[in-house]
Each structure stands twice: as structure tokens, then as C-alpha cells.
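Trainee: The amino acid sequence is not available; the structure is as follows:
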């Protein structure tokens, strides 16, 4: 149960309780600020390696390679340009270039004609002028791509580069470059590298795996004392996108930045007949990081962008704007959070929460035309936060339910009344929409990690609170097949556990094991009245679970339910079990999972605004039972209707 202040707790139990509902809309998709890009320039230039950066004065610096010349451009006013003028920062150079900015500093790095010498030119006046060329280091192998990022505005930076089969980094601290550090491990080849400084030196790589020869996009980290120890490479690089070795697909031209979260772009080149060259965008949930301390993660399933240049879109940002740039395009989006409190216009709200769905709607009074259009940020995909509450002695107070997002909206006019209805969907629906293009195989991850990655690919973060030991310790051979929805994959994993998942706020969910011994979270029927009650006793839908493992067998039987002749038998193929005991544990977990599906009734009450799925509630009604009855909350239905003076909560109940 969500914690409530003493004033809010007292208000919801008061006989004179007065409802208060807050509805806030934000330009947030999942947990990430929405970027709506507007094109600033489409002047055509030859497509080659390129990059972009934004200095403290808001000026945009672009760099690109053309016939060995390092072309540089500075646009002081990006809104008006002009974008036509370029300068030669260096000539007779190689094929890779990158830039970065922090404060008034702008760094441009490139390679010499031999392909091994790494050069740097730096500006300390927002890119207006540059110092002389500095030879930083010489790579032991030809450089195929390079990246640069600042740590701070005093000039600490790092340069990273990829050669055929290695990635390396060199850092400058207090004006002096240190030694080169080579990333451990082997790959078949790299073709692209990008880097940003979030909490460490966070790196994005594109290339081909060593043994499987699968085209791959990886994330990696070189520690700076936050997620990883200073100067230490992460224990491994994490595949984020992969294609089969024979798929004729190449991932290339990665770019990465850290603003409100990690945002990335990359290019997928399809060499097969009818294939395309396309830029994709992705991001991480803001609570996730790159390092081992953050736990395993997956980037959100990438979304295609209407841009087909082979070198993709380079990312850059300042405190106000996010930019995407290429030699033939510049576009930007506001990086501001737009918030609209529509509470004063709310006529009705309905929201249903279960362990498989979060859906509902909000009706807004549009009699004055305030929602004609509708105005920003009322747009499909944006976040709607609903706070259920009461008026207290110190004013209205709220507790916020699971996140929802606008799935659709419709203007309604009937009987002289104009309304705007926002149709809402939550995290489960986000999982249903999320489908994988390629097969994802887990061979050494516990169920918790499998589920965490399923959720993070859908833009959600999964936390753990009281999860079963099985979810943390059993390592299944688990495959997410192409076109399988994240919802289907999650339900398939949960079938082998006694755990359940409930959605929460901030695009999050919680994994926990409901136990019969859980303590009571809230009591109805004494100082919090029951308006209606239906208590039901029925046997579980499954009375026998059989698990067939890898040369092993296990079973779990509810003999009392089986004697009634009403329960069915469930059979599971569980290759993670190679002993009879392990198979029996799988069967027991599944039997417990299905036992929680039994219908134990429902109650209707004035809302307990802190109520959540999984909570254990106690019901006191002498006409139902002589002593209090304990049940678990299986689902919630919230209902507010101002014109009809309705404010109620229906709790669907399940067994403990």
C-alpha cells in the first residue's frame, strides 16, 4: 500500500469526507521527455562521417569529412541560420571526425591520412576560433571511427576510437593526456563508435560478433568512479541489437548523448532485396545506467526515423534543445517538460488496474472551448498522472496511481455538453504493443533479468520487492521469438514462478511473490465503511501441475481441490530443470500462480487512495463472518463522476 499522510488517512475515514482528484498531463512518453523535431536545414552535402555539438552560448558546431578535408561550421543562431557556410579546419586528412562541447569549449578530433594518427583542435570561445592542431596519440591499427566527449567545462575529456577489432580510449585530465586503454574481449570487427559522459564514459559500438558473426550494436562503459571504478572497463559489453549472421544487415553510425536520460541513434543497412537504409532512435529508462551497478538492461525497442542517410543522425544538446544533424539535415526539438494540470476541468475518471491491464478514461469539460485542438501537451502517447485524494484540513492531498498514457482522444458533443475524453492505457498495454524484430536468447540469466530486459525494451523499469528465490536464482534457457509481444514473453516467464507483477508510477513495475503469510495492509468495515460486498469461495482453477524438465519430472498437487473434481491439470516443459527436485519446484510455483487466479469476491468502498494490487485487506462484517476475513487485492476499479456525485473504489479480491 502506498504510504499516506496522517491527514489524508484521517480524511478518507471521515464521515464528512470530500473527494479531491488531480489529473496532470506531461509531454512524457514512458518515462522519457518527448522530443518533437522541427527541421531547420536540408542543404545537401556529400554523406560521410560527421558530428555535431552545442556550446554554452547556444551555437551549433557541425563537422564532416569531404575529400580528406575536415569541414567545420558554426551557426550562432540555429533558429535563423544561415547553414550554408563551412570552413576547412584541416586538409589532407583521413575519413573519421567527431566533435563535442562543454561550456565555452568545443573539441574537434580527426585522423590523419595514414588512418592512425589522432589529432585534436580545440576552441575555448564557443567555436568562434580554434587553437593549433595537437597530435594526441597514434593508434596501433587503422581507425574506422572515433568519438570525443567532455567531462566538464574545465577541459577534462576523453577520445575513444574503434579499429578493426579493438576499441580504445585516452583521457585528458588537468590538461594532460594519459595512457591509452584497450577494451578487453574480442569481436570480429567494429565499424562505429560513439561516446558521452553521463556518470562514466558511456560508449555505443557497432560491428560484428567474433564467434556468431552476428551484426551487433553494443553498449560499453569505461569507468570514472560511478557505475564502474575509475579507469576500468566494464566487465563485458552488452548486445542491444542483433541480427542473424546471414541476415544481410549492418548496424552502423551510432550516436549517443545524456540529457534527461541516455538517448541514442544508429543506422540499420539492409543489403537484401527490397531492404532500406534507416536511422533508428532509442533510449534508456532514466533510472537505468550503463554500468554493472545498474544491473543488466536493454535499450527501448528502437523506433524508425524518416531519414535514410547511411551515416545517420548525430545527437547534440544544450539545456534547451536537442539536435539531430547530418550533412544534409539539421533538426531540433525543445528539451523542456510541458505540464498541464487539468484537474479543474475533470468531469469523470474511470481507471481499472489488474495484473494484466491498466485502462481507463478521463472526461474533461470543454464547454468553454479550452480543449479545442486539443492544446499541448494533450497528445497521443503523453503521460497522464492521476492522483486520488481527499480534502484535508490543510488542503487537498493525493496519492498517485499507476502511470497511464493517452491512447486516443475524442471530442464529444451531446445534449448541449461538450467534453474531451482521454482514453488511457498503462504499462501492460505498452508491453502488448512492444514486439521484437529479431530473436532474443537468454542462456545464463535468471528469470528476474529476463523480465527486467523484457520491460526495459518496452520503455519500463522493473523493480524487485519480495520476489521469490526462484526468480533470482533459476537460469532458464529462455527465447523471445520474433514478433512475440513483451506481454506474451512476460506471461510465459511468470508461468514458471509464483511471482506476480503490478504497474506503478514513473513508468515502473514491481515483481514480488504474494505469500499467504503477508500481513494486513488495510482494514474495511470498522472506521472505513463497506458500501457493498460479495465474498466468494471457490477452488483454484488448477489442482495438478506437472513439470517435464531436462531428463527430470516433478509434480505438485492440491489434493483437497482435486478431490472436488473441479480443477484441471497443467503441464509445463521446463528445460531449466535437470533434477526431479527442480522440476517439482517449477510445478509448485505454477500451481501457486494459478491458485491466485481464484475469484474471492469484491467490495465497493469509498476509495482508500493508497490501495495497490497485491495488498492484503481485512473485512469486518458480522453478517458475512463472525471474525474478520482476509483477502488479497487482485484488481482495482476507480470511479469518479462529479455530476453524479460518485467517488468509489471496487476491489476485486483473490485468495491469500
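Mentor: In hand now; what should we look at? The model shown is predicted, which means the values in this text are computed figures rather than measured ones. Residues are numbered from 1 along each chain as shown.
Trainee: Sort out which residues of stretch 424-443 are buried, please.
Mentor: Within stretch 424-443, the residues that count as buried by 16 or more other CB atoms under 10 Å are 424-432, 434-436, 440, 442. For every residue, glycine as well, the C-beta is placed using N, CA and C.
Trainee: farthest pair in these?
Mentor: 424 and 442 (32.2 Å; CB to CB).
Trainee: immediately after the helix or strand containing residue 118, which helix or strand?
Mentor: In the assignment (DSSP states H and E), residue 118 maps to strand 117-123. As assigned by DSSP H and E, the chain's next helix or strand after strand 117-123 is strand 134-138.
Trainee: which strands and helices sit next to that next one?
Mentor: The helices and strands touching strand 134-138, judged by 3 or more CB pairs under 8 Å, 6 or more residues apart in numbering; DSSP states H and E, are strand 117-123.
Trainee: give me every residue that touches the residue nearest the centre of the chain.
Mentor: Against the mean C-alpha coordinate of the chain, by CA atoms, centre = their mean, the closest residue is residue 459 at 2.5 Å. Contacts of residue 459 were listed using CB atoms under 8 Å, 6 or more residues apart in numbering, and they are 29, 30, 31, 32, 283, 285, 300, 301, 430, 434, 507.
Trainee: That one: what secondary structure?
Mentor: Per DSSP: H, G, I helix; E, B strand; the rest coil, the secondary structure class of residue 459 is coil.
Trainee: Return the list of strands paired to the one helix or strand in the chain whose mean pLDDT sits lowest, each annotated with direction.
Mentor: Least confident element among the helices and strands of the chain, by mean pLDDT, DSSP states H and E: strand 440-442 (a mean of 86). Paired strands of strand 440-442, with direction, are strand 478-480 (antiparallel) (DSSP bridges).
Trainee: Show me which residues of the partner strand are buried.
Mentor: Applying 16+ other CB under 10 Å to strand 478-480 flags 478, 480 as buried.
Trainee: Now the element after that strand, going C-ward?
Mentor: Once the chain leaves strand 478-480, the next helix or strand it forms, by DSSP H and E, is helix 486-494.
Trainee: Select the longest helix from this structure.
Mentor: Using DSSP state H to define each element, the chain has its longest helix at helix 580-595.
Trainee: What helices and strands are in contact with the top strand by length along the chain?
Mentor: The single longest strand within the chain, with elements called by DSSP state E, is strand 629-641. In terms of contacts (3+ CB pairs under 8 Å, 6+ apart), strand 629-641 is packed against strand 346-354, strand 383-392, strand 616-619, strand 646-654.
Trainee: Run the angle between that strand and strand 383-392 for me.
Mentor: 100 degrees (axes from the mean of the first three to the mean of the last three CA atoms, to 10 degrees).
Trainee: tell me which residues of strand 629-641 are tucked away?
Mentor: Buried-residue list, strand 629-641, by 16+ other CB under 10 Å: 629, 630, 631, 632, 633, 634, 635, 636, 637, 638, 639, 640.
Trainee: quick check: angle from that strand to strand 646-654?
Mentor: Using the same axes, to 10 degrees: strand 629-641 against strand 646-654 is 150 degrees.
Trainee: average model confidence for strand 629-641?
Mentor: Summarised as a single mean, pLDDT over strand 629-641 is 97.
Trainee: how many other residues sit next to residue 276?
Mentor: The tally of other residues near residue 276 (other CB atoms under 10 Å) stands at 9.
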